[in-house]
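let me see the structure of the following:
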Amino acid sequence: MTDRIAVVGGGIAGLAAAHRLATDGVDVTIFERGDRVGGRIRSSPFAGVPEIDEGADAFLARVPEGIALAADVGLGKALVHPEPVGAAVWHQALHPIPDGLLLGVPGKIGPMATTGLLTWRGKLRAALEPLLPRTSLDSDSIGEFVRARFGNEVHERLVDALVGSIYATDTDRFSLAEVPQLDALARANRSLLLGARASRQAAGTATAASAPIFAAPSRGVADLTRATADAVVAAGGTLQLGHAVGSITAAGAGWDVDDQHFGAVILATPAPVASSLLAAVAPEASAALGAAETADVIMVTLHVDAGEWPYRFAGRSGYLVPKPVQRSVTAASFGSQKWGHWQPPDGGQILRVSLGRDGQPALQFSDDEVVERVLDDLSLHLGVRFTPREIRISRWPGAFAQYRPHHARWVDAVEAALPSGLFVAGAAYRGIGIPACIRHGAAIGQRAAQNLRSLPD
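The predicted model follows:
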């Protein structure tokens with residue numbers, strides 16, 4: 001039958017595509033090779049708390065897709081938000097992130113003048129930014145653009161520290177166009193500083209300005225993926241766990257996925273998996289997908305005794321480490337201070353520490369080496385040598401797609417090389433964050449349904 005659609009991959013993009021299709025009455029089947037849905041979204045018990053995230057611990061609340069999907073699958077009232085605590089940047093010491101930033105771009109002169117994070121030379125260079133002529137966007141490199149506007153210090157210690165942490169990337173090699181807030185700011189304003197200030201002032205007058213920036217289900221982000229899968233099944237969809245798709249072949253007006261026939265197929269897998277599955281039926285698309293670059297990361301979760309946790313860190317959500325001073329740790333989150341419900345029953349603090357990024361691999365280290373590197377870096381950054389009560393190591397190979405300059409051209413080429421009825425969705429293409437993956441998955445689901453309707457009976 002050609003009135004069915006297959007979704008290969010049960011991560012958030014595949015689930016969003018299947019949810020759109022199932023709620024629209026389309027017969028959809030999800031093939032997931034693992035024993036659970038969610039892909040790189042996972043949580044598990046830790047330190048006596050039922051669910052502590054092993055990957056992303058929140059999604060943006062100021063864009064609609066994550067909040068809307070949570071409401072659709074019955075989690076609207078279960079969403080919680082981080083505590084109102086501030087983050088820092090470590091550069092020889094912990095420095096509070098200056099006020100007035102927009103993804104690291106300065107929007108206020110005062111906080112930049114008084115921060116200890118920048119040298120006076122760096123501050124003077126940044127102060128020239130409003131006087132500079134417009135900078136070309138042709139390179140499509142965040143690093144090249146921001147360095148031209150503010151100099152090296154603002155880029156390395158603020159913009160790259162923030163954006164690089166979000167995407168586990170080297171922003172000198174990351175597409176400016178694929179970070180919507182920065183791209184819009186750069187295109188609409190000659191001066192980024194003046195533009196960021198105007199943007200923040202406009203947001204300050206809006207009703208939504210006081211709304212939380214991030215949200216997550218109280219039982220972890222994985223609860224969103226589980227609830228979405230349940231909603232797909234409740235709407236008539238099928239979920240096949242433990243089914244690693246081996247082949248996709250053309251068959252009449254549709255496609256055979258292993259031994260099952262479908263009118264359309266959505267590959268919501270990592271790009272290398274999609275490349276392998278498409279090798280025989282779409283060699284040009286397969287070759288392009290095979291060239292996709294990713295970054296591996298490791299998330300180390302620690303349970304630290306209350307007696308080891310210095311009071312001076314109260315009111316902090318964590319800190320970032322700029323690349324020039326990174327050894328192994330790229331960022332640390334003070335989880336029990338960031339989330340009110342992450343409180344171990346027998347006390348202490350839950351910390352989450354990140355290692356690995358584009359250009360700095362970490363998966364080659366053994367678990368013992370990872371722990372030693374984490375404890376050494378935390379000792380350097382915080383002045384405390386912790387003896388954790390519990391440690392969890394979560395390894396995420398290929399976790400972050402790397403959007404190189406002019407990334408959109410690559411995506412367009414991949415999509416143009418796909419035969420009719422085959423689609424790709426996920427973090428490798430039109431946005432890395434959870435809301436972006438939900439948006440892309442739902443849009444691809446809609447396109448697949450339109451394609452299905454065009455097939456002959």
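
on the three-state scheme, L124 is what?
The three-state assignment at L124 reads helix, by DSSP: H, G, I helix; E, B strand; the rest coil.

how close does it get to A113?
For L124, the distance to A113 (Cβ to Cβ, to the nearest Å) stands at 10 Å. Bear in mind the C-beta positions are built from the backbone N, C-alpha and C, glycine included.

below-threshold pLDDT in the chain: ranges please.
Scanning the chain for pLDDT under 70 picks out 1-2, 203-210, 457.

what are the structural domain limits within it?
With domains defined by automatic domain parsing, the chain comprises 4-40+223-292+404-453, 99-205, 294-401.

to G74, which of the ones you listed lies closest?
Relative to G74, the nearest member of the domains of the chain by Cβ to Cβ is domain 4-40+223-292+404-453, separated by 6.1 Å.

list the buried ones in the top helix by length along the chain?
Counting residues, the longest helix found in the chain (DSSP state H) is helix 434-453. Across helix 434-453, burial judged by 16 or more other Cβ atoms under 10 Å covers 434-445, 447-449, 451-452.

and if you look at stretch 278-292?
By neighbour count on 16+ other Cβ under 10 Å, the buried set for stretch 278-292 is L278, A279, V281, A282, A285, S286, A288, L289, A292.

what secondary structure does P84 sit in?
Under three-state DSSP, P84 comes out as coil.

tell me, how many residues neighbour it?
For P84, the count of nearby residues is 8 (other Cβ atoms under 10 Å).

point out the most buried one among the domains of the chain.
Compared across the domains of the chain, domain 4-40+223-292+404-453 shows the largest average neighbour count, a mean of 21 (mean count of other Cβ atoms under 10 Å).

please name the residues that touch the nearest residue to A362 once chain neighbours are set aside.
The shortest distance from A362 to any residue other than its chain neighbours is 3.5 Å, reached at G356 (Cβ to Cβ, 6 or more residues apart in numbering). G356 is in contact with A168, A295, D296, V297, I298, T330, A362, L363, counting by Cβ atoms under 8 Å, 6 or more residues apart in numbering.

do you know how far G356 is from M299?
According to Cβ to Cβ, G356 and M299 sit 9 Å apart.

identify the contacts common to the two.
Taking Cβ under 8 Å, 6+ apart as the contact rule, G356 and M299 have no neighbour in common.

need phi/psi at I350.
Main-chain dihedrals, I350, degrees, to the nearest 10: phi -100, psi 120.

contacts only, for the nearest residue to it once chain neighbours are set aside.
Excluding the flanking residues, the one nearest I350 by Cβ to Cβ, 6+ apart is G335, at 4.1 Å. G335 is in contact with I52, D57, T301, W342, Q349, I350, L351, R352, counting by Cβ under 8 Å, 6+ apart.

which pair in those spans the largest distance?
Farthest pair in the contacts of G335 (Cβ to Cβ) is D57 and Q349. Separation: 14.9 Å.

all helices for the stretch 351-457 of the chain, in order.
367-382, 407-416, 434-453 (DSSP state H, counting those that start in this stretch).

just to revisit the earlier point, same for the longest helix of the chain, what does it pack against?
Applying 3 or more Cβ pairs under 8 Å, 6 or more residues apart in numbering; DSSP states H and E, one finds that helix 434-453 contacts strand 4-8, helix 12-23, strand 59-60, helix 64-72, strand 264-267, strand 422-424.

what separates it from the chain centre, distance-wise?
Once both centres are worked out by Cα atoms, centre = their mean, to the nearest Å, helix 434-453 turns out to sit 19 Å from its chain's centre.

could you do stretch 442-455 as well?
Chain-centre distance of stretch 442-455: 26 Å, with Cα atoms, centre = their mean.

give me the contact list for that stretch.
With Cβ under 8 Å, 6+ apart as the test, stretch 442-455 has contacts from 2-3, 5, 7, 13, 16-21, 24, 26, 65, 253-254, 263-264, 266, 268, 420-421, 423-425.

just the strands in the stretch 251-400 of the chain please.
For the stretch 251-400 of the chain, strands defined by DSSP state E, counting those that start in this stretch occupy the ranges 254-257, 260-262, 264-267, 294-304, 316-320, 329-334, 349-355, 390-401.

list the contacts of the closest residue to L158 other than its chain neighbours.
Closest residue to L158 apart from its sequence neighbours, by Cβ to Cβ, 6+ apart: G104 at 4.0 Å. Contacts for G104 (Cβ under 8 Å, 6+ apart) come out as V146, V154, L158, V159, D160, A161, L162, V163.

the first one - nearest residue in space that isn't next to it in sequence?
In this structure, V146 finds its nearest non-sequential neighbour in H155, 4.4 Å apart by Cβ to Cβ, 6+ apart.

just the last one next, same as before
Distances taken as Cβ to Cβ, 6+ apart place T171 nearest to V163, at 5.4 Å, with adjacent residues excluded.

same thing with the second one?
Excluding the flanking residues, the one nearest V154 by Cβ to Cβ, 6+ apart is A126, at 4.9 Å.

residue contacts, the one you found?
P106, M112, L118, F150, G151, E153, V154, L193.

save the residues you listed as a markdown table, and put in distance to L137 and secondary structure too.
A markdown table is the format used below for these (distance: Cβ to Cβ, whole Å; DSSP: H, G, I helix; E, B strand; the rest coil):
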| residue | distance to L137 | secondary structure |
| --- | --- | --- |
| P106 | 19 | strand |
| M112 | 24 | helix |
| L118 | 25 | coil |
| F150 | 16 | helix |
| G151 | 18 | coil |
| E153 | 22 | helix |
| V154 | 18 | helix |
| L193 | 17 | helix |
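
and of those residues, the nearest to R373?
Checking the contacts of A126 against R373 with Cβ to Cβ, the nearest one is E153 at 26.5 Å.
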